[in-house]
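In: Okay, structure incoming, though there's no sequence with it:
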């Protein structure tokens, strides 16, 4: 399902303009990442898709249908939603946290719990964890349960609001890889919010860099943005101006490696290594 923002504005009662005349098309079956500094409006944009926040002006459509014409509760039940720190209900077991959405949508409890077990398999969690409570899980396990619950809506759309910000770097990389795999296997339309440009470039098919007020600084694929930053703001935001993404070749006895501006090895030039190995 594609999502379209058409001249959307959000003004809060205190006069704060969180989103100002925002328009974009989010393509179906791809991951679009909203990235920007705190307070730029990225989470407000995400929450307008499932009507947790209502726009002041403009409209949002899903496959051409204005979401304002839908019942807000039913809309939310039909869209997957993953939060930072998982947002799990502490008094529910893992299986019941995941089964909640199908039950709310009318599925029999037994069928919902069986589906929950299948989703635990899908996100790489052992079924032996199903009877545990969130407090008995590691941070990474809690986030995987959160992703499973987001998928339980069985929707074509999955919203992810900085879901990996509270876990350690190793677990974060694992969860990022899992997200890429799930999107590829399930063909969901994923809308992901982060303040981390490296995470945005890793996960996003389409990356939207935002200024305050959800003003679009640049939109494009990671390659397009890195190769041609729209302006100094974008270049600084992605680290190009600081040399953070400047790589050079270094020849070693075992082949050629890529090093950053500080001389740290960032990778191996695979093409040359393969050629050397087959020569």
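Out: Ah, there it is. Keep in mind the model is a prediction, meaning the values are calculated, not measured.

In: Please make it C-alpha for all contacts and neighbour counts, starting now.
Out: Fine.

In: Need phi/psi at residue 122.
Out: Main-chain dihedrals, residue 122, degrees, to the nearest 10: phi -60, psi -40.

In: Count residues in the vicinity of it, would you?
Out: A total of 16 residues lie near residue 122 under the criterion other Cα atoms under 10 Å.

In: I'd say residue 98 and residue 149 touch.
Out: Yes. The pair residue 98 and residue 149 qualifies as a contact (Cα atoms under 8 Å) at a distance of 4.3 Å.

In: so what sits against both of the two?
Out: residue 116 (Cα atoms under 8 Å, 6 or more residues apart in numbering).

In: quick one: the helices in this protein?
Out: 42-49, 72-77, 94-104, 109-122, 139-151, 169-186, 197-203, 222-227, 232-238, 270-278 (DSSP state H).

In: As TSV, these with mean pLDDT and distance to residue 2 would be great.
Out: Compiled in TSV, those are given as follows (pLDDT from 0 to 100; distance: least, Cα to Cα, whole Å):
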stretch	mean pLDDT	distance to residue 2
helix 42-49	96	11
helix 72-77	91	15
helix 94-104	92	22
helix 109-122	93	24
helix 139-151	89	18
helix 169-186	88	15
helix 197-203	94	18
helix 222-227	93	20
helix 232-238	93	26
helix 270-278	50	37
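
In: just those: most buried one?
Out: helix 139-151 (a mean of 26; mean count of other Cα atoms under 10 Å).

In: what residue is smack in the middle of the chain?
Out: By Cα atoms, centre = their mean, the chain has its centre lying nearest to residue 192, at 2.6 Å.

In: Run through the residues that contact that one.
Out: Residues near residue 192 by Cα under 8 Å, 6+ apart: 31, 32, 33, 34, 46, 159, 160, 161, 162.

In: Quick check, the second one in contact with residue 42.
Out: No. Proximity of residue 32 to residue 42 does not meet the contact threshold set by Cα under 8 Å, at 11.8 Å.

In: follow-up on the earlier one: just the buried residues of the contacts of residue 192.
Out: Buried members of the contacts of residue 192, scored by 16 or more other Cα atoms under 10 Å, are 31, 32, 33, 34, 46, 159, 160, 161, 162.

In: Please determine how far the second one is located from residue 66.
Out: It refers to residue 32. 20 Å (Cα to Cα, to the nearest Å).

In: can you check the last one too?
Out: To residue 66, residue 162 is 26 Å away according to Cα to Cα.

In: could I get the buried ones among the contacts of residue 192 as JSON lines with distance to residue 236?
Out: Listed next are the buried ones among the contacts of residue 192 as JSON lines, based on distance: Cα to Cα, whole Å:
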{"residue": "31", "distance to residue 236": "24"}
{"residue": "32", "distance to residue 236": "21"}
{"residue": "33", "distance to residue 236": "18"}
{"residue": "34", "distance to residue 236": "17"}
{"residue": "46", "distance to residue 236": "25"}
{"residue": "159", "distance to residue 236": "27"}
{"residue": "160", "distance to residue 236": "25"}
{"residue": "161", "distance to residue 236": "24"}
{"residue": "162", "distance to residue 236": "22"}
